[in-house]
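*Asks:* Build me a model from this:
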Amino acid sequence: MSDDLKLGLNLGYWQRQAHDATDLVQAAERLGYDSVWTAEAYGSDVFTPLAWYGARTSRIKLGTSVAQISARSPVTTAMTAMTLDHLTGGRLLLGIGASGPQVVEGWYGQPFPRPLARTREYVDILRKVWRREEPVTSDGPHYPLPYPGGTGLGKPLKLITHPLRPEIPLYLGAEGPKNVALAAEITDGWLPLFTLPDKIGSMYGDSLADAPPDFDIAAMVLFMVTDDLQSALNVVKLMLTLYIGGMGAKSRNFHADIIARMGYADAAEKIQELYLSGRKDEAFHAIPDELADGISLLGPPARIRDRLQLWRDSPVTTLLAMGPQDEPTLRTVRDLVLG
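*Replies:* Purely as a prediction, here's the structure:
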């Protein structure tokens, strides 16, 4: 439970068109937002926009939500993170995640199996690189260093540049209970995508039982300040239609799985079936309003203020606001969350 929620701005990834959100990011910094976050899927990458915004701000923290581990070798991510952290004066928050088999195998051409073991090994190498205690080696099966085979000339190396911080904060994007438990064990924070604040305890209590006291649960939450509640609900339902219905295969969709664990198993199955059969409009209408409302903060300011209590009563420590597109909305959200 946290009465002192931190507030961040989550920009996500670009859609069809490139989008420079510098003005919005600078406004968030002026208004006292703690952090701004970018993302990647199979379009815009996660680091370049963050470097762009970091060069145009001076205080706001800069987060990746998330850098996909199959997109880069662990030492590449470590080098990129170290470089960006230096250039921005130690403002980086590095969120990583495994993504899903469609993207990992279809886009990056990498194997998806054993994502938890791969993530653990990845994090271990990141920290070895930044700490510079010795040349980096790894005997794990996923990212062995030096590479076994090839020319046989590979040798362990140590990062040339001394990091500004040898312990860059690490976050893990996770949805399954085992992955959340891994986040609590080996990283500094968890980045949940879809959250029912009053069910975090029942869904993830065991996973978070051993989390350290300063473990940051930074939940992504869509804010829409409006008098037209149904239109706002429809925006959320449109997003859920894609994620539940089409962001994954029929046999393996992590987003549909989490919705099922929230208590909407029948709805998730129906939505996915309708979407994959081309009946997307019916899939949209099959999403319960209460689900869309529960994972979001929608409506007039007074309604949002009331519903914020659910988040304050939950284990969430940071709200990453999605949706604001202008300074007045950012200010309203700031006033509601930070008081």
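
*Asks:* what about the strands in the stretch 1-150 of the chain?
*Replies:* 6-12, 35-38, 61-64, 67-68, 92-97 (DSSP state E, counting those that start in this stretch).

*Asks:* Give the other helices and strands that the fourth one contacts.
*Replies:* Yep, that's strand 67-68 we're talking about. strand 92-97 (3 or more Cβ pairs under 8 Å, 6 or more residues apart in numbering; DSSP states H and E). Every C-beta, even on glycine, is put in place using the N, C-alpha and C of the backbone.

*Asks:* In its sheet, which strands sit next to the strand it packs on, and in what direction?
*Replies:* strand 61-64 (parallel), strand 67-68 (parallel), strand 170-173 (parallel) (DSSP bridges).

*Asks:* Identify all contacting residues around it.
*Replies:* With Cβ atoms under 8 Å, 6 or more residues apart in numbering as the test, strand 92-97 has contacts from 35, 37, 50, 61-69, 77, 81, 84-85, 119, 122-123, 126, 168-174, 189, 191.

*Asks:* Which residues are in contact with the closest residue to Asp293 other than its chain neighbours?
*Replies:* With sequence-adjacent residues excluded and distances taken as Cβ to Cβ, 6 or more residues apart in numbering, Asp293 is closest to Leu233, at 6.2 Å. Leu233 is in contact with Asp289, Ala292, Asp293, Leu298, counting by Cβ under 8 Å, 6+ apart.

*Asks:* quick one: Leu233 from Met322, how far?
*Replies:* Distance check for Leu233 against Met322: by Cβ to Cβ, to the nearest Å, it reads 15 Å.

*Asks:* Let me know the distance separating the closest residue to Ser44 other than its chain neighbours from Pro169.
*Replies:* Nearest non-adjacent residue to Ser44, counting by Cβ to Cβ, 6+ apart: Trp14, 3.8 Å away. Separation of Trp14 from Pro169 (Cβ to Cβ): 25 Å.

*Asks:* To what extent is Gln325 buried, counted in neighbours?
*Replies:* Using other Cβ atoms under 10 Å, Gln325 has 9 neighbouring residues.

*Asks:* mind checking which helix or strand it is in?
*Replies:* Per DSSP states H and E, Gln325 falls between elements, in no helix or strand.

*Asks:* Just want to check the distance between it and Gly12.
*Replies:* 12 Å.

*Asks:* before we move on, back to that, which stretch among the strands of the stretch 1-150 of the chain comes nearest Ala302?
*Replies:* Set against Ala302 and scored by Cβ to Cβ, these come closest in strand 6-12, at 18.7 Å.

*Asks:* which residues touch the closest one?
*Replies:* With Cβ under 8 Å, 6+ apart as the criterion, strand 6-12 contacts 21, 24-25, 28, 32-39, 49, 61, 63, 65, 216, 218, 220, 317-322, 324, 330, 333-334, 337-338.

*Asks:* With stretch 244-259 instead?
*Replies:* By Cβ under 8 Å, 6+ apart, stretch 244-259 touches 100-102, 175-176, 193-194, 240, 243, 265, 267-269, 271-272, 274-276, 280, 283, 287, 291.
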